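1. Got a predicted structure here, sequence first:
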Amino acid sequence: MSKTLADLRRDIDAIDDQILDLLNRRARCVIEVGRLKTGEKRDFHVPNREREIYERLTGANPGPFPNEAVRSVFREVISASLSLESPMKVAFLGPKATFSHLATLQQFGLSAELVPLKSISAVFEEVEKGRAYYGVVPVENSTEGVVSHTLDMFMDSELKINAEILLEVHHDLLSRTGRVEDIKKIYSHPQPIAQCRNWLEEHFPGVPLVDVASTAVAAQIAGEDYTAAAIASELAATMYDLKVVRKRIEDQVNNFTRFLVIGKKMAERCGDDKTSLMFLIKDEPGILYRMLEPFAKRGVSLSKIESRPLKKKAWEYIFFLDLAGHVSEPAVAEAVQELKGYCQFVKILGSYPRAK
Ligand SMILES: O=C(O)C(=O)C[C@]1(C(=O)O)C=C[C@@H](O)C=C1
């Protein structure tokens with residue numbers, strides 16, 4: 001005889017009791033881990049360990065519980081665990097409901113105390129002064145390029161990169177009524193407007209597009225005026241009580257923004273790491289060519305190279321380099337050592353697990 005609804009609910013209650021019991025057993029282990037780490041002065045947030053947990057569980061999951069849900073559930077389990085080890089304050093480039101907020105939630109979950117700040121330099125300062133444990137700042141977008149202000153901040157800061165976050169960016173059109181015919185103006189930050197231009201021309205020809213400071217400001221305006229629509233994130237719809245007129249209106253699929261988690265220490269090696277460094281080369285002929293040699297001859301692959309003007313001296317440039325590997329690996333350490341011979345200075349910004 002098949003089970004009744006009441007039978008099934010009794011089964012679910014019994015399973016939930018077991019899950020709760022297991023969560024508390026896990027939490028007691030985590031509190032012990034926190035004590036060990038405090039004694040050994042180790043970092044509480046260990047991105048490579050978190051990645052290992054997600055990969056192990058999603059790789060072994062027989063279903064039908066979907067892998068994406070496994071990730072979300074464990075995101076919150078680990079977030080709560082981290083807060084049990086130490087109250088976790090994380091500063092990010094605000095305001096709330098922007099993509100930096102989404103990226104911070106993706107990395108730290110709902111149990112961390114998230115603090116929106118007005119500028120990238122304010123996020124650096126909050127972490128430097130110890131008022132926040134970590135900070136989250138954007139560093140590049142796959143269609144718009146590098147966030148130069150973030151790179152510039154590393155010139156005078158001793159903070160290290162502890163992790164990177166890759167966020168797939170989707171833009172939604174939001175308004176109070178959710179009705180296309182009410183929309184007389186569309187607000188957003190210039191970047192999302194640029195990224196949705198073709199869609200807007202096709203669906204809202206002639207409707208004025210208004211630049212504002214952030215997608216959150218746009219959402220706030222749309223919340224106050226039913227004839228205004230905002231291009232913003234799904235999170236903004238929830239936070240500003242807006243309806244989704246149309247989801248995912250971006251012209252370009254595969255639009256990612258990369259964020260950095262900054263803190264006082266870099267991450268331990270996980271075997272699939274990246275290292276970011278900055279350097280100032282000596283003014284000699286052929287130096288640009290030679291500075292890449294230490295990496296090429298040891299088979300260390302470079303994923304990015306950027307140059308920024310050195311503000312203190314005209315026509316001198318600082319280089320930012322991302323490479324595959326952890327600075328504790330001999331090939332990387334030797335290449336960096338050799339690079340120092342061609343440079344006025346070299347600074348390791350951090351080694352951290354490569355985001356997937
Ligand atoms: O393994 C650790 O180092 C922990 O602190 C435990 C734990 C977890 O909940 O599993 C919590 C936070 C870390 O970022 C990684 C993992």
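-> Cool, got the structure.

2. For stretch 22-32, which residues meet the burial criterion?
-> Neighbour counts using 16 or more other Cβ atoms under 10 Å place residue 30 of stretch 22-32 among the buried residues. C-beta coordinates here come from the backbone N, C-alpha and C atoms, glycine included.

3. Wondering if it reaches the ligand at all.
-> Yes - Stretch 22-32 reaches the ligand (Cβ under 6 Å from any ligand atom) through residue 30.

4. Then stretch 267-276?
-> No - on the criterion Cβ under 6 Å from any ligand atom, stretch 267-276 is out of touch with the ligand, staying 9.7 Å away.

5. what does stretch 120-137 give?
-> No - contact of stretch 120-137 with the ligand is not found when judged by Cβ under 6 Å from any ligand atom; the minimum separation is 10.9 Å.

6. burial measure for residue 150, as a count.
-> 21 (other Cβ atoms under 10 Å).

7. Mind checking what secondary structure it has?
-> Put simply, residue 150 is helix when judged by DSSP: H, G, I helix; E, B strand; the rest coil.

8. residue contacts, it?
-> Applying Cβ atoms under 8 Å, 6 or more residues apart in numbering to residue 150 gives the contacts 120, 137-139, 260.

9. Nearest to residue 249 among those?
-> Checking the contacts of residue 150 against residue 249 by Cβ to Cβ gives residue 138 as the nearest, at 20.8 Å.

10. Can you pull the phi/psi pair for that closest one?
-> Main-chain torsions, residue 138, degrees, to the nearest 10: phi -80, psi 150.

11. Counting neighbours, what do you get for it?
-> Under the neighbour criterion other Cβ under 10 Å, residue 138 is assigned a count of 23.

12. How about it: what's its closest non-neighbour residue?
-> Of all residues not flanking residue 138 in the chain, residue 147 sits nearest, at 4.8 Å (Cβ to Cβ, 6 or more residues apart in numbering).

13. doesn't residue 153 make contact with that neighbour?
-> No - the criterion here is Cβ atoms under 8 Å, and residue 147 misses it with residue 153 at 9.9 Å.

14. Overlap of the contact sets of these two?
-> Overlap of the contact sets of residue 147 and residue 153 (by Cβ under 8 Å, 6+ apart) consists of 120, 137.

15. In contact with residue 299, which residues?
-> Counting by Cβ under 8 Å, 6+ apart, residue 299 makes contact with residue 331.

16. Just the local confidence number for it, please.
-> In this model, residue 299 is scored at 95, pLDDT.

17. tell me the phi and psi of it?
-> When read as degrees, to the nearest 10, the backbone of residue 299 gives phi 70, psi 30.

18. That one and the ligand: what is the separation?
-> To the ligand, residue 299 is 31 Å away according to Cβ to the nearest ligand atom, to the nearest Å.

19. ok, that residue to residue 325 distance?
-> For residue 299, the distance to residue 325 equals 10 Å [Cβ to Cβ, to the nearest Å].

20. Can you pull the residues that touch both of those two?
-> By Cβ under 8 Å, 6+ apart, the residues touching both residue 299 and residue 325 are residue 331.

21. neighbours around the closest residue to the ligand within the chain, how many?
-> Using Cβ to the nearest ligand atom, the single residue of the chain nearest to the ligand is residue 81, 3.3 Å away. By other Cβ under 10 Å, the residues close to residue 81 number 23.

22. Surely residue 54 touches residue 74?
-> Yes - counting by Cβ under 8 Å, residue 54 does reach residue 74; the two are 6.4 Å apart.

23. And the helices in this structure?
-> 5-40, 47-60, 67-85, 99-108, 120-128, 148-156, 190-195, 197-203, 215-224, 234-239, 287-290, 293-296, 330-340 (DSSP state H).

24. May I see the ones you listed arranged in CSV, with distance to residue 269 and mean pLDDT as well?
-> Putting the helices of the chain into CSV (distance: least, Cβ to Cβ, whole Å; pLDDT from 0 to 100) gives the following:
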stretch, distance to residue 269, mean pLDDT
helix 5-40, 17, 97
helix 47-60, 8, 93
helix 67-85, 20, 95
helix 99-108, 19, 94
helix 120-128, 23, 96
helix 148-156, 21, 90
helix 190-195, 35, 89
helix 197-203, 43, 95
helix 215-224, 36, 94
helix 234-239, 33, 91
helix 287-290, 28, 84
helix 293-296, 18, 94
helix 330-340, 10, 95
